[in-house]
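Novice: attaching a predicted model along with its sequence, questions to come.
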Amino acid sequence: MPSDTEALPGGLPDFPPPHFPTVFADGVSALVNSPSIVKFFFSRFEPSFSGDGRSKLQPFAQVIMPMDSFATMCVFFEAQLRSMVQGGFIAEERLAQMRDAFQGTSSK
């Protein structure tokens, strides 16, 4: 296993190259799982080419992950959210609103 100072096989650069894939997503539109994998679809609101103000929620990328990897990702995001709340980037009250909307319940 390489140390922190050794280059990985293939000599990865310090920064992503100009053609490195970048995506913008407004959310996840669907998720399904089996006992061993999780599959979900990133989606975004796409505007009409006619410029008439209409938009459509459009899935654009499918992600398939092993169950343990998906759970690890969620734990990572939980830690990032705690850091964002502590840093004042998002309020705990706003997260509570999002959780209530998603669960279809109210904490009031």
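Specialist: Happy to help now that I have it. Because the structure is a prediction, the values reported are computed rather than measured.
Novice: and the lengthiest helix in the chain, what does it pack onto?
Specialist: Taking DSSP state H as the criterion, the chain has its longest helix at helix 67-86. Of the remaining helices and strands, those touching helix 67-86 by 3 or more Cβ pairs under 8 Å, 6 or more residues apart in numbering; DSSP states H and E are strand 37-47, helix 92-103. Just so you know, the C-beta spots here come from the backbone N, C-alpha and C atoms, and that holds for glycine as well.
Novice: could I have the CA atoms of it written out in CSV?
Specialist: The C-alpha trace of helix 67-86 is given here as CSV (Å, rounded to 0.1, in the frame of the first residue of the first chain):
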residue,chain,number,x,y,z
MET,A,67,-24.5,-1.9,0.3
ASP,A,68,-21.5,-1.3,2.7
SER,A,69,-20.1,1.4,0.4
PHE,A,70,-23.5,3.2,0.3
ALA,A,71,-23.8,3.1,4.1
THR,A,72,-20.2,4.5,4.4
MET,A,73,-21.1,7.3,2.0
CYS,A,74,-24.2,8.2,4.1
VAL,A,75,-22.2,8.3,7.3
PHE,A,76,-19.6,10.5,5.5
PHE,A,77,-22.5,12.9,4.5
GLU,A,78,-23.9,12.9,8.0
ALA,A,79,-20.5,14.0,9.3
GLN,A,80,-20.3,16.7,6.6
LEU,A,81,-23.8,18.0,7.5
ARG,A,82,-22.7,18.2,11.2
SER,A,83,-19.7,20.3,10.1
MET,A,84,-21.9,22.5,7.9
VAL,A,85,-24.3,23.1,10.8
GLN,A,86,-21.4,23.9,13.1
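Novice: can you list contacts of it?
Specialist: Helix 67-86 is contacted from outside by 33, 35, 36, 37, 38, 65, 90, 91, 92, 95, using Cβ atoms under 8 Å, 6 or more residues apart in numbering.
Novice: likewise for stretch 31-48?
Specialist: Applying Cβ under 8 Å, 6+ apart, the set of residues contacting stretch 31-48 from outside is 23-30, 54-67, 70.
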